[in-house]
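Peer 1: Mind looking at a prediction? Sequence and model below.
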Amino acid sequence: MADAAWVASGEAVRESAAAPRHRAVVRVTHWITTVCFLALFVTGVEIVVSHPRFYWGETGNVNTPPLFKIPIPASRSTVPTGYGYTLPDQNGWSRYLHFEAAWAVVLTGLVYVAAGLLMGHFRTDLLGGRTYNPLQRKTYLVVVFVLFPLVIWTGLAMSPAIVSAVPATVRLLGGQQSARTIHFFVSLALFLFLLVHVVMVWRAGFWKLVRAMITGGER
């Protein structure tokens, strides 16, 4: 009986050791989100360049005093920035790609959250597991359940179609210009998180961790 228990215990340990570090759904959604985030960042910069002035409330234009402005030249000559030249205007294609990437990351995020709740990913890895240290776990939870929903909400609040159907999406934020300003700061927070995340991965062994996120790795 003792021998059988010892063998069963040894097999359980081996199975636990051989368990994948990252489940397939985590790996797939991670890389889709990565591609979408890069597309959102590049196109978001292009959109900001077209009007690098931010306001608070419902309306804001070149005749309205800005809440703050980014000291860069705009891509539109009608936007006063203090510079004597304008940058190339890429606002058309960047808006289309920005919206497409946004919907892709929304759908991917829903799959990730649903799978994480059903498979116990958040409970085992982010709430009580030892895969990440406490600071990492708290940061990932804030990103997944606070920053990502907020950046999606503020993005939808700038859509005329969504606002006309659900006016509360923008009213609760104080107006479309307020939504744009909040969207900018949340996006900046996500970008800073990405930089810190990449640095941490690099310090911990970049290729080893990237390979684990591709193949699954082992715990």
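Peer 2: Nice, I can see it. The structure displayed is predicted, hence computed values, not measured ones.
Peer 1: Could you look up the SS state of Gln136?
Peer 2: On the three-state scheme (DSSP: H, G, I helix; E, B strand; the rest coil), Gln136 is labelled helix.
Peer 1: distance of it from Gly120?
Peer 2: 18 Å (C-beta to C-beta, to the nearest Å). From N, CA and C alone the C-beta is placed, and that goes for glycine too.
Peer 1: same check, this time on Val26
Peer 2: 12 Å.
Peer 1: who has more neighbours, the two?
Peer 2: When Val26 and Gly120 are compared for neighbours, Val26 comes out ahead with 19 against 13, by other C-beta atoms under 10 Å.
Peer 1: and the spatially closest residue to the more buried one that is not a sequence neighbour, what is it in contact with?
Peer 2: Distance criterion C-beta to C-beta, 6 or more residues apart in numbering; nearest residue to Val26, sequence neighbours excluded, is His121 at 6.5 Å. Residues near His121 by C-beta atoms under 8 Å, 6 or more residues apart in numbering: 23, 26, 115.
Peer 1: Nearest to Leu194 among the residues you listed?
Peer 2: Closest approach to Leu194 among the contacts of His121 (C-beta to C-beta): Val26, at 17.0 Å.
Peer 1: can you map out the strands along this structure?
Peer 2: 53-54, 68-69 (DSSP state E).
Peer 1: Would you mind pulling up the elements that the first one packs against?
Peer 2: Using 3 or more C-beta pairs under 8 Å, 6 or more residues apart in numbering; DSSP states H and E as the contact definition, the elements that strand 53-54 packs against are strand 68-69, helix 176-215.
Peer 1: For Ala101, which of these is the nearest?
Peer 2: Across these, closest to Ala101 is helix 176-215 (C-beta to C-beta), at 12.4 Å.
Peer 1: which strands and helices sit next to the closest one?
Peer 2: Helix 176-215 packs on helix 24-50, strand 53-54, helix 148-156, going by 3+ C-beta pairs under 8 Å, 6+ apart.
Peer 1: average pLDDT for that helix?
Peer 2: Per-residue pLDDT over helix 176-215 has a mean of 91.
Peer 1: Can you check what angle separates that helix from helix 148-156?
Peer 2: Orientation check (axes from the mean of the first three to the mean of the last three C-alpha atoms, to 10 degrees): helix 176-215 against helix 148-156 gives 130 degrees.
Peer 1: which of the residues in helix 176-215 are buried?
Peer 2: By neighbour count with 16 or more other C-beta atoms under 10 Å, helix 176-215 contains the buried residues 176-184, 186-187, 189-190, 209, 212-213.
Peer 1: on that earlier part again, redo the helices and strands packed on strand 53-54 as TSV? Include distance to Val105.
Peer 2: Converted to TSV, these look like this (distance: least, C-beta to C-beta, whole Å):
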stretch	distance to Val105
strand 68-69	27
helix 176-215	11
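Peer 1: So for Glu58, which of those sits nearest?
Peer 2: helix 176-215 (6.0 Å).
Peer 1: still on that earlier bit, mind putting the helices and strands packed on helix 176-215 in a markdown table, distance to Gly82 and mean pLDDT included?
Peer 2: Listed next are the helices and strands packed on helix 176-215 as a markdown table, based on distance: least, C-beta to C-beta, whole Å; pLDDT from 0 to 100:
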| stretch | distance to Gly82 | mean pLDDT |
| --- | --- | --- |
| helix 24-50 | 15 | 92 |
| strand 53-54 | 11 | 96 |
| helix 148-156 | 28 | 94 |
